[in-house]
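Asks: all I have is the shape, not the residue letters:
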């Protein structure tokens, strides 16, 4: 894993690499039993999940103003687990509607002794009946973008942001909504194209 990260220009500490390796091994092991990811090749897992989430974390979470993050539809924990490993001072809440995925995340958190990550089996509702809000609500597009905006807006603090992560193809199918809401757009290389980070202020 470390060699692949180096190819992308990233230098990681021994402790971070150890945590990433353990996380990867657990993902591969559990994926044989429950559907956590459609990606099964080890190198592809590192590139499309770990390096992608690392890149996202470097772009978004490096800020003294961020204290709480909600990872909507976290699935196997990307990017929330990676963000939590890299930013132990930030509290990450990882939400998914599939209980088996939450059980997997609880195993990862226990093995890695992560104290700042809180997985929750929960169905998000557009009204946010819990009333709890976050500095950042982040989502790797697990539903149509306009629906994500609709769901996320009531979970974001007054001065917070909704972060949506799209591939180039997804972004190109979302141009009308981008024109409507005018988010700040950040990019980084992804699968020989670009990953687009759309940063929406509270809507």
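Replies: Yes, it's here. Small disclaimer: the values here were computed from a predicted structure and weren't measured.
Asks: once you drop chain neighbours, what's closest to the residue nearest to the spatial centre of the chain?
Replies: In the chain, the residue lying closest to the centroid (Cα atoms, centre = their mean) is residue 79, at 2.4 Å. Spatial nearest neighbour of residue 79, excluding adjacent residues (Cβ to Cβ, 6 or more residues apart in numbering): residue 53 at 3.6 Å. Where you see a C-beta, it was placed from the backbone N, CA and C, and this is true even at glycine.
Asks: same question for residue 37.
Replies: residue 76 (5.4 Å).
Asks: what about the one you found, which SS state?
Replies: coil (DSSP: H, G, I helix; E, B strand; the rest coil).
Asks: and if you look at residue 152?
Replies: helix.
Asks: look up how far residue 90 lies from it.
Replies: 18 Å (Cβ to Cβ, to the nearest Å).
Asks: by mean pLDDT, point me to the weakest helix or strand of this protein.
Replies: One helix or strand of the chain scores below all others by mean pLDDT, DSSP states H and E: helix 145-152, with a mean of 82.
Asks: which helices and strands sit right next to the strand of greatest length in the chain?
Replies: Secondary structure of the chain per DSSP state E: the longest strand is strand 156-167. In terms of contacts (3 or more Cβ pairs under 8 Å, 6 or more residues apart in numbering; DSSP states H and E), strand 156-167 is packed against strand 134-140, helix 145-152, strand 193-201.
Asks: one more pass at 6 Å, please.
Replies: strand 134-140, strand 193-201 (3 or more Cβ pairs under 6 Å, 6 or more residues apart in numbering; DSSP states H and E).
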